[in-house]
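# Need a 3D model of the sequence below.
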Amino acid sequence: MTVTLNSMAFPPTPPSLLSNDDNVFHISPLESLNAGDVRKFIEFGRGSNEKPTFNTLNSAFEHHATKTPYAIAAIHGNRSMSYQELDSYAEKLATLLHHQGIKRGDSVGLFLTRSLPMLVGIIACLKLGANYVPQHAGVAPNSQLQHIANVARIKIVLTLSRHEKYLPDFENSSVIALDSLMKTREFNDLNVTKKRTSKPNDNCFILFTSGTTGNPNGVQVTHQNVCNIVMTSPGNLGVKPGMRVAQILSIAFDMAAWEIFVALCHGATLLIRDSVIENTATNVDVIVATPSILGQIDPIKCQDVSVVAVAGEPCPEPLAETWGGFCDFYNCCGPTETTIINTAKLYRPGDKLSIGKPTPNNTVYILDDELKPCSIGEVGEMWAGGVCVTKGYLANAELSQARYRPDPFLGDGNVMFRTRDLGRWSANGELEHYGRTDDQVKVKGFRVELDSISTMLESLPDCQLAVTLKLDDDHLVSFVTPSSVDEKTATDHVAAHLPYYCVPVGVMVFEKLPLTPRGKIDKRLLLEMYQQSILKDGE
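Okay, here's the model as predicted:
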């Protein structure tokens with residue numbers, strides 16, 4: 001079988017390949033496994049077969065705009081917008097964008113911050129069959145915005161008036177301040193043009209990576225990809241009309257799409273945060289967050305929250321234990337390239353914390369360096385297959401070729417993605433996460449898993465969160481919260497349970513660890529802070 005991978009499109013996964021029959025996997029690539037492991041490879045690695053309630057995001061939203069037009073779609077501060085109002089504004093904006101040459105398949109920049117106009121821009125793009133390219137204005141540097149606008153061939157950038165003067169002078173993109181536009185008579189008097197259609201395999205958004213190691217790469221995410229998460233269980237998080245969902249994450253982070261669409265595609269109300277996250281978290285039914293952000297929210301004030309889902313980073317067990325004690329707590333995993341999450345675990349206090357099982361219509365394989373299946377229980381690299389796999393990187397065929405490969409287990413033109421996460425299957429078919437491949441480092445000539453050290457630190461009764469980083473070829477350093485943790489006790493605890501080469505040379509304590517704009521632990525800044533502390537102590 002020959003599959004040509006490029007940055008444009010990959011064939012969709014036929015639903016029949018993800019049925020409950022045992023012959024969905026091609027057996028020949030499994031010849032290295034014994035019969036028992038073949039059965040478990042298939043049973044453990046395959047998510048359930050479910051049909052999303054809608055196959056495009058805008059059709060799901062429009063269903064609720066028609067069925068419950070006066071229900072509140074979103075609240076931000078002292079302003080709210082009903083489903084009918086959001087739909088009407090989005091139709092007018094789609095008409096305006098269409099008049100300005102935006103058509104199906106085009107990209108529109110959304111370079112702004114959390115707001116009601118942000119939602120108008122998102123829905124308008126989807127109504128056109130176009131995709132939006134989100135960036136957090138005021139956080140992303142202008143050089144990055146310029147790069148993204150050029151790579152995505154963005155003709156129009158939608159922003160807010162307060163950000164307009166800070167944006168770069170784009171070479172080929174015009175800028176529209178949405179909040180100002182929506183107040184004009186000309187806009188409100190627009191005659192809406194005929195309905196436009198988006199299709200399941202159309203891009204709904206292009207999510208650019210953070211770009212910490214160079215220019216960011218755009219991941220092409222389709223309606224089918226996102227519908228498969230937000231409109232099947234457990235990714236739908238049980239959201240129903242009348243419920244409130246928090247919108248606390250940066251629009252440039254793929255998990256923000258989970259917050260937005262799980263609300264608007266189920267007739268719920270999206271509560272958009274202000275500068276204090278806790279103001280929002282204490283007034284909602286559903287929270288989606290990184291473990292680092294959730295760790296900054298007081299669970300005592302959130303006892304009415306019914307569902308919490310975390311992803312993006314390893315979850316400390318104490319955090320899961322606390323929140324899982326009073327709400328449904330999902331620990332999830334999955335890079336942007338596999339559409340927000342592709343595994344999920346409903347955690348109950350006392351459980352062993354894992355990242356669960358593949359989400360519906362998706363697969364997970366544990367493979368070795370030669371892409372052969374690992375034996376059940378053996379640690380290997382996780383590859384993801386099924387409907388979650390996105391179209392590839394925009395205008396970067398070389399990187400797409402390296403990370404997206406033909407799926408030999410499903411065959412028939414299907415594609416799998418290399419997650420660079422390490423894991424293994426437990427005896428009961430749950431995925432145990434063993435960190436990133438780049439978190440497996442050599443120290444003093446020994447291979448060390450950084451996450452295992454952090455997990456050991458988090459087992460201390462007074463430690464809530466820990467992260468361990470490589471300082472140089474011979475030394476590790478750990479960072480923990482809260483500040484009441486005793487540094488010597490933490491070091492001694494690791495020394496008592498792990499080999500000498502795993503013991504950090506230093507432990508820095510914080511009340512809260514610094515985060516990136518996307519809500520993840522800022523590891524680069526932590527290393528800088530530690531090095532500065534060494535210099536200061538040496539003065």
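
# so which strand or helix has the closest residue to residue 460 other than its chain neighbours?
The shortest distance from residue 460 to any non-neighbouring residue, by C-beta to C-beta, 6 or more residues apart in numbering, is to residue 493 (5.7 Å). C-beta here means a position set from N, CA and C on the backbone, and glycine is covered the same way. When elements are assigned from DSSP states H and E, residue 493 belongs to helix 487-497.

# immediately after that helix, which helix or strand?
strand 506-509.

# so where's the chain uncertain?
1-24, 27, 210-214, 538-539 (pLDDT under 70).

# tell me the domain boundaries of it?
Under the assignment automatic domain parsing, the domains of the chain span 51-232, 239-355, 444-538.

# now for the ones you listed, which one comes closest to residue 417?
Nearest of the domains of the chain to residue 417, taken as C-beta to C-beta: domain 239-355 at 5.1 Å.

# Distance from that closest one to the middle of the chain?
Its chain's C-alpha centre and that of domain 239-355 lie 11 Å apart, by C-alpha atoms, centre = their mean, to the nearest Å.

# cool, stretch 498-515 as well?
What separates the centre of stretch 498-515 from the centre of its chain is 26 Å, taken as C-alpha atoms, centre = their mean.

# helices or strands next to the helix holding residue 493 in the packing?
On a contact count with 3 or more C-beta pairs under 8 Å, 6 or more residues apart in numbering; DSSP states H and E, helix 487-497 meets helix 450-458, strand 475-481, strand 506-509.

# Show me what the helix or strand just after the last one is packed against.
When you say that, I think you mean strand 506-509. Next along the chain after strand 506-509, taking DSSP H and E as the criterion, comes helix 523-538. Under the contact criterion of 3+ C-beta pairs under 8 Å, 6+ apart, helix 523-538 touches strand 465-472, strand 475-481, strand 506-509.

# try 7 Å
In terms of contacts (3 or more C-beta pairs under 7 Å, 6 or more residues apart in numbering; DSSP states H and E), helix 523-538 is packed against strand 465-472, strand 506-509.

# hey, which of those strands is tucked in deepest?
Sort those by mean neighbour count, taking mean count of other C-beta atoms under 10 Å, and strand 465-472 sits at the top with a mean of 21.

# Within the sheet, what are the partner strands of that one, with directions?
strand 475-481 (antiparallel) (DSSP bridges).

# my guess is residue 241 contacts residue 267, does it?
Yes: counting by C-beta atoms under 7 Å, a contact exists between residue 241 and residue 267, whose distance comes to 3.6 Å.

# what touches both of these two?
Common neighbours of residue 241 and residue 267 are listed as 68, 71 (criterion: C-beta atoms under 7 Å, 6 or more residues apart in numbering).

# neighbour count winner among the two?
Neighbours per residue (other C-beta atoms under 10 Å) separate residue 241 from residue 267, with residue 267 holding more: 21 against 13.

# Residue 406: which of the domains of the chain is closest?
Evaluated with C-beta to C-beta, those place domain 239-355 nearest to residue 406, the distance being 15.7 Å.

# End to end on the closest one, go ahead and measure it.
Distance across domain 239-355, first residue to last, is 21 Å (C-alpha to C-alpha, to the nearest Å).

# ditto for stretch 321-336
Distance between the boundary residues of stretch 321-336 (C-alpha to C-alpha) amounts to 26 Å.

# can you pull the buried residues of that stretch?
321-324, 326-336 (16 or more other C-beta atoms under 10 Å).

# which one of those residues is nearest residue 410?
If you rank those by distance to residue 410 using C-beta to C-beta, residue 334 comes first, at 17.8 Å.

# if we can go back for a sec, can you give me the buried ones in the helix holding residue 493?
With burial defined by 16+ other C-beta under 10 Å, the residues of helix 487-497 counted as buried are 490-491, 493-494.
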